[in-house]
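J.: heads up, no residue letters with this:
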């Protein structure tokens, strides 16, 4: 009975952090802060749920321990890879900002298609507005 | 199998809340301004799905569902890593 009470408390602890993480993913202003919020779901939220499940069903606790260890190993790696891709996108944007006077081909800089289509359209329109005639071929720099 | 009525009701309540959390999480997949945002929201949804499968194992009283959760975690990890590498380097592998 005490075990079940503790398990239910752990379940609601995990549910609370899942709710907070999802709220953060909706409400946070930019990609890296959203990543911070969704990391809480993977560690605190899921771990609360797993501890609660292991307390409520002791027969399955070995499998739940294996699942917990696997999530503990993989979730920071996945979060780090997503953060690296966010950083790479900002790098591309800064690169485009430095080359704003040259008429570069945006799609040649953005090799993997990270920039959204509306942003590319905005950049091309801005280039056309500031473009001077008889400037020669546009230089496309490869990253 | 869990005997007490109190724990049964609590587990079903948590399962219902987790399933309803999927709807605001998929909002970020649809609206998400950039490609990394969508990838991150899909990662969040798979994390929630692992929790839902574990809750389902508690409701049904079968341990095999936890193995399914382990398989989902493994495939979600491979998928997230390959898409993130595709975004940041231009190729998946």
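T.: Ah, there it is. Treat the numbers as computed from the prediction; the structure is a model and nothing was measured.
J.: Quick one: residues contacting residue B:81.
T.: Residues counted as contacts of residue B:81 (C-beta atoms under 8 Å, 6 or more residues apart in numbering or on different chains) are A:77, A:78, A:81. In this view, the C-beta of every residue, glycine as well, is placed from N, C-alpha and C.
J.: would CSV of the residues you listed with distance to residue A:47 be doable?
T.: Shown next, in CSV, are the contacts of residue B:81 (distance: C-beta to C-beta, whole Å):
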residue, distance to residue A:47
A:77, 17
A:78, 16
A:81, 21
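J.: List, out of those residues, those positioned next to chain B.
T.: Filtering those for proximity to chain B (criterion: C-beta under 8 Å from any C-beta of the partner chain) leaves A:77, A:78, A:81.
J.: Throw together a ChimeraX command that grabs the buried residues out of these.
T.: Applying 16 or more other C-beta atoms under 10 Å in any protein chain shown to the ones next to chain B among the contacts of residue B:81 leaves a buried subset, and the ChimeraX line that selects it is:
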select /A:78,81
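J.: Verify the stated contact: residue A:4 with residue A:53.
T.: No: counting by C-beta atoms under 8 Å, residue A:4 does not reach residue A:53; the two are 11.8 Å apart.
J.: ok, the two, which is more surrounded?
T.: Ranked by neighbour count (other C-beta atoms under 10 Å in any protein chain shown), residue A:4 and residue A:53 place residue A:53 first, with 28 against 18.
J.: Surely that one and residue B:59 touch.
T.: No: contact criterion C-beta under 8 Å: residue A:53 and residue B:59 do not qualify, at 10.7 Å.
J.: re earlier: out of the ones next to chain B among the contacts of residue B:81, which is nearest to residue A:32?
T.: Using C-beta to C-beta, the shortest approach to residue A:32 within these belongs to residue A:81, at 13.6 Å.
J.: Alright, calling it a day.
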